[in-house]
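Enquirer: Let's see this in three dimensions:
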Amino acid sequence: MQVELSDRPAGISACGKGQVVALAGRRVDPPGSEVRRFPAENYERVRGEIRQVLRRLGAVELVSAAACGADIMALEAADELELRRRVVLPSAPEIFRATSVIDRAGDWGARYDRIIAAVKAAGGLVVIRDARAGDYFQTNYDILDEAARAAAGAGLPLAVIVVWNGFSRGDDDVTAHFLAEARQRALPVTEILTVDQALDLAN
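Expert: Predicted coordinates:
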């Protein structure tokens with residue numbers, strides 16, 4: 001995706017009105033992964049594009065989960081832009097941390113801990129179900145529902161960002177499911193690629 005640079009302040013969209021943004025995307029690739037979905041060399045580019053898209057959309061609030069990769073990058077960018085943040089988890093924070101954050105290399109655990117502490121203190125942490133459930137497909141519905149409620153309550157439109165490699169890996173692909181559900185709801189979607197298109201889309 002090519003993102004246009006803009007000096008427009010966060011919270012003001014092209015139409016002059018802020019938006020609530022729901023986001024989901026790829027986790028980072030595990031070490032030695034043969035299939036490239038979100039390789040380490042693309043982290044900084046993707047993080048920058050997420051920030052730019054949030055500004056271009058005039059985001060005033062971000063709603064997402066907090067897995068390692070796109071979620072955490074977006075939540076950090078939202079904090080830099082002084083946006084409200086709402087984190088939706090399918091399990092208790094410590095369970096989600098073990099299953100969706102620290103199972104990949106890097107400092108994701110510490111970054112997650114800072115985000116959860118800040119979001120919880122601000123009243124933006126939403127744990128939907130019992131910690132044993134871990135139903136990530138249902139969490140997609142929950143993220144979109146929470147974002148829709150936030151948008152309706154503020155009288156603002158809702159937009160969606162999907163950060164992924166551009167194709168589904170099959171019926172178990174949670175990110176593809178999120179994208180399909182957003183389109184089913186007729187929501188405007190911006191896609192950000194986690195791979196270099198010419199090299200990686202065939203993988």
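
Enquirer: Please work out how many residues are found near residue 31.
Expert: Around residue 31 there are 9 other residues, counting by other Cβ atoms under 10 Å. In this view, the C-beta of every residue, glycine as well, is placed from N, C-alpha and C.

Enquirer: Which helix or which strand is home to the residue nearest to it when sequence neighbours are not counted?
Expert: The shortest distance from residue 31 to any non-neighbouring residue, by Cβ to Cβ, 6 or more residues apart in numbering, is to residue 105 (5.3 Å). Counting by DSSP states H and E, residue 105 is held by no secondary-structure element, helix or strand.

Enquirer: tell me, how many neighbours does residue 105 end up with?
Expert: For residue 105, the neighbour count with other Cβ under 10 Å is 13.

Enquirer: What pLDDT is listed against it?
Expert: Predicted confidence (pLDDT) for residue 105: 91.

Enquirer: host element of residue 115?
Expert: When elements are defined using DSSP H and E, residue 115 is found to belong to helix 108-121.

Enquirer: re earlier: so how far is residue 40 from the residue nearest to residue 31?
Expert: Distance of residue 105 to residue 40, computed by Cβ to Cβ, to the nearest Å: 8 Å.

Enquirer: and stretch 101-111, how far apart are its ends?
Expert: Between the opening and closing residues of stretch 101-111 there is a gap of 10 Å (Cα to Cα, to the nearest Å).

Enquirer: And for stretch 23-38?
Expert: The separation between the terminal residues of stretch 23-38, taken as Cα to Cα, is 16 Å.

Enquirer: for stretch 155-171, same thing?
Expert: 35 Å.

Enquirer: Off-centre distance for that stretch?
Expert: Averaged C-alpha coordinates place stretch 155-171 at 8 Å from its chain's average position (Cα atoms, centre = their mean, to the nearest Å).

Enquirer: buried set for that stretch?
Expert: 156-166 (16 or more other Cβ atoms under 10 Å).

Enquirer: Mean confidence (pLDDT) on it, please.
Expert: The average pLDDT for stretch 155-171 rounds to 96.

Enquirer: Helix, strand, or coil at residue 186?
Expert: Under DSSP: H, G, I helix; E, B strand; the rest coil, the three-state class of residue 186 is coil.

Enquirer: tally of neighbours for it?
Expert: 7.
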